[in-house]
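Engineer: mind folding the following:
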Amino acid sequence: MIYRVVRLHLRPEETARFEAFFRERQPQIEAFDGCYKTILLRNTKEPDVYYTLSEWESEAHLDRYRYSAFQRNLGLHQEPLRRKSPGLQRPARRDVE
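Structural biologist: Residues are numbered from 1 along each chain as shown. Below is the predicted model:
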């Protein structure tokens, strides 16, 4: 079994639209072979940050979903709802002797 967690930063004015979008597509995601369930979680301290949690039979099942036309189309429809994520802060590089 494998779990996938995706963090999404949404534009604050688009959160209700995103929740409806997810509820609409959740049964389609769960219909993929090997998907046991999907859950939408909202950050309580940052209400425009969401997480999707999905449970899969195996990484091969997840990969079939991950690289499917359905998932690519899903991403295209979500893009206008998302805000730009802050850049990742990488730790300073340290050379060790």
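Engineer: where does the prediction get shaky in this structure?
Structural biologist: Low-confidence segments of the chain (pLDDT under 70): 76-77, 80-81, 84-97.
Engineer: quick one, helices of it?
Structural biologist: Per DSSP state H, the chain carries helices over the ranges 15-30, 59-66, 69-78.
Engineer: could I get the contacting residues of residue 41?
Structural biologist: Counting by Cβ atoms under 8 Å, 6 or more residues apart in numbering, residue 41 makes contact with 50, 51, 52, 53. Placement of C-beta: from N, CA and C, glycine included.
Engineer: pick out the most distant pair among those residues.
Structural biologist: 50 and 53 (10.4 Å; Cβ to Cβ).
Engineer: higher neighbour count, those two?
Structural biologist: residue 50 (21 against 13; other Cβ atoms under 10 Å).
Engineer: what is the neighbour count of the nearest residue to that one once chain neighbours are set aside?
Structural biologist: Once flanking residues are discounted, residue 50 sits nearest to residue 8: 4.7 Å by Cβ to Cβ, 6 or more residues apart in numbering. Residues contacting residue 8 under the criterion other Cβ under 10 Å number 18.
Engineer: what sits against residue 8?
Structural biologist: Contacts of residue 8 (Cβ under 8 Å, 6+ apart): 18, 49, 50, 51, 52, 78, 82.
Engineer: so which of those residues sit within strands?
Structural biologist: 49, 50, 51, 52 (DSSP state E).
Engineer: and the third one, what does it touch?
Structural biologist: When contacts are counted by Cβ under 8 Å, 6+ apart, residue 51 touches 5, 6, 7, 8, 40, 41, 42, 43.
Engineer: what does the first one give?
Structural biologist: The contact partners of residue 49, taken as Cβ under 8 Å, 6+ apart, are 7, 8, 9, 10, 42, 43.
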